Structures are given as structure tokens and as C-alpha cells.
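> no sequence for this one, just the structure:
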């Protein structure tokens with residue numbers, strides 16, 4: 001297999017790249033990184049010393065490609081499929097890249113702050129940081145609601161890199177900090193994302209791991225148990 005994606009099935013940033021791969025039916029091998037295993041952790045640090053996942057290895061060129069947005073762009077350049085996730089036009093590219101970064105930085109990052117705070121030992125919680133993260137999500141949700149006015153997907157009529165970033169960010173964020181009643185466009189957009197075959201596949205594959213999610217008790221049954 002030419003492409004190997006080193007990942008963890010529960011990691012939202014890994015889901016972003018998986019959606020892109022499934023959108024184009026790109027052949028690849030998935031290798032789970034287990035940071036609790038010294039050998040697996042050491043191998044990942046050898047591939048990418050900052051220790052983040054996912055990381056793509058292209059066996060054809062023996063190249064390691066880190067960082068989700070770069071991985072997806074690399075795939076489009078070197079392993080293209082029928083779905084173009086980064087448009088050709090310069091202005092459209094800027095819009096897609098802007099919203100890709102938006103979902104990563106202003107939805108995923110505060111969501112992860114809320115989630116990881118629950119894993120801290122007693123007495124080590126950061127209530128101020130969590131409150132700031134929730135306020136940040138409120139701002140992000142309001143901005144997405146405005147952005148979606150008249151749009152099917154994050155930047156227009158085409159499903160793009162930005163939507164690959166949106167789904168995993170919103171999926172977990174909506175569990176720890178639900179959308180507001182005044183955000184119907186955001187809620188409808190989320191349902192459109194969930195209906196895509198690539199997304200459904202990612203969620204189905206992650207389902208056995210959801211029991212390890214720190215807010216699993218707040219996860220809707222349709223995700224946790226596969227119920228409608």
C-alpha cells in the first residue's frame with residue numbers, strides 16, 4: 001500500500017483527513033498510534049517529533065506529511081481523485097483555507113480545552129479556561145451561522161477542505177457545548193454533513209471508541225449506539 005495514515009480512531013483531527021480520503025476513495029492503510037505503548041509512541045515521535053497525529057507516509061516517495069490541511073493538499077496534488085477539495089480559483093482557495101483554519105482554531109481548539117479539562121486530576125481543573133473556551137465557541141457558532149447564509153456547504157455549493165475540517169470540530173463541540181436555538185443554519189449544516197457517506201463511515205468506524213470520550217454520557221444515542 002502506497003499511503004499509510006498513522007492515526008487514532010477517536011481523534012477528531014484524524015477524522016478530518018479520513019473524510020478527505022473517503023471522499024475520493026483513495027486507497028490507504030490505517031495504522032493506529034497507541035501513545036500508551038512506548039514502542040508505538042516512540043515510532044510516532046520518530047516520524048514527527050512534536051508527536052501529533054495524524055501523519056501520512058507516502059511509500060512511493062518515502063515522504064512523511066504531517067498536519068491535516070497539508071496532508072489533504074498533498075493528497076490533491078500527488079494522489080488526486082474525482083473530488084477536488086481545494087478549488088482552482090485563487091479567491092475561492094483563500095475562502096476555503098480561511099474556513100479550514102477557522103474550524104480548526106476556533107471550534108476544535110476550544111472544544112479540546114473543555115474535553116481535556118475533564119481529564120485533569122481533582123484540584124487541577126481550569127474553570128476560567130473552560131469558561132473562555134465556551135465563550136469562544138459561542139462566538140464561533142454565531143460567525144458560522146452568518147457564514148452559512150445562502151450556502152449549502154461552508155464556503156458555497158461545493159464540499160471542500162473546509163467541510164472536512166468542520167465535521168469533526170462540530171461533532172464533538174456540539175456534545176460539550178450545544179448549538180443555540182438561534183442557530184438553525186448551523187444545525188441544518190451539521191445534519192447535511194452527517195448525511196454524507198464519507199462522514200457516516202468515519203463515525204461508524206469511530207463508534208467502538210466513543211466509550212472512551214470523556215463526555216460520552218452527553219453523546220446522543222444516534223452516535224453512541226448507532227440508533228436513529
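Received, thanks. Not measured: the values here are computed from a predicted model.
> now for residue 223: which residues touch it?
171, 203, 207, 210 (Cβ atoms under 8 Å, 6 or more residues apart in numbering). Just so you know, the C-beta spots here come from the backbone N, C-alpha and C atoms, and that holds for glycine as well.
> possible to save those residues as TSV with neighbour count?
Putting the contacts of residue 223 into TSV (neighbours: other Cβ atoms under 10 Å) gives the following:
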residue	neighbour count
171	22
203	18
207	14
210	17
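> could I get the residues you listed as a markdown table with secondary structure?
Shown next, in a markdown table, are these (DSSP: H, G, I helix; E, B strand; the rest coil):
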| residue | secondary structure |
| --- | --- |
| 171 | helix |
| 203 | helix |
| 207 | helix |
| 210 | helix |
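> quick check: the two most widely separated of these?
171 and 207 (12.0 Å; Cβ to Cβ).
> now the residue lying farthest from the centre of the chain: how far from residue 117?
Within the chain, the residue lying farthest from the chain centre (Cα atoms, centre = their mean) is residue 123, at 30.1 Å. In this view, residue 123 and residue 117 are 12 Å apart by Cβ to Cβ, to the nearest Å.
> with residue 157 instead?
Residue 157 sits 38 Å away from residue 117, going by Cβ to Cβ.
> what does residue 142 give?
For residue 142 relative to residue 117 (Cβ to Cβ), the value is 23 Å.
> which one's more surrounded, these two?
Regarding residue 142 and residue 117, a neighbour count based on other Cβ atoms under 10 Å identifies residue 117 as having more, with 17 against 14.
> name all residues that make contact with the more buried one.
Shown in contact with residue 117 (Cβ under 8 Å, 6+ apart): 125, 126, 129, 130.
> which of the residues you listed are buried?
residue 130 (16 or more other Cβ atoms under 10 Å).
> of the contacts of residue 117, which belong to strands?
In strands, defined here by DSSP state E, there are no members of those.
> all strands of the chain, in order?
Using DSSP E, the strands of the chain run over 3-7, 29-32, 55-58, 63-66.
> make TSV out of those and add mean neighbour count, mean pLDDT and distance to residue 147.
Putting these into TSV (neighbours: other Cβ atoms under 10 Å; pLDDT from 0 to 100; distance: least, Cβ to Cβ, whole Å) gives the following:
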stretch	mean neighbour count	mean pLDDT	distance to residue 147
strand 3-7	20	98	29
strand 29-32	14	97	32
strand 55-58	22	98	29
strand 63-66	16	98	28
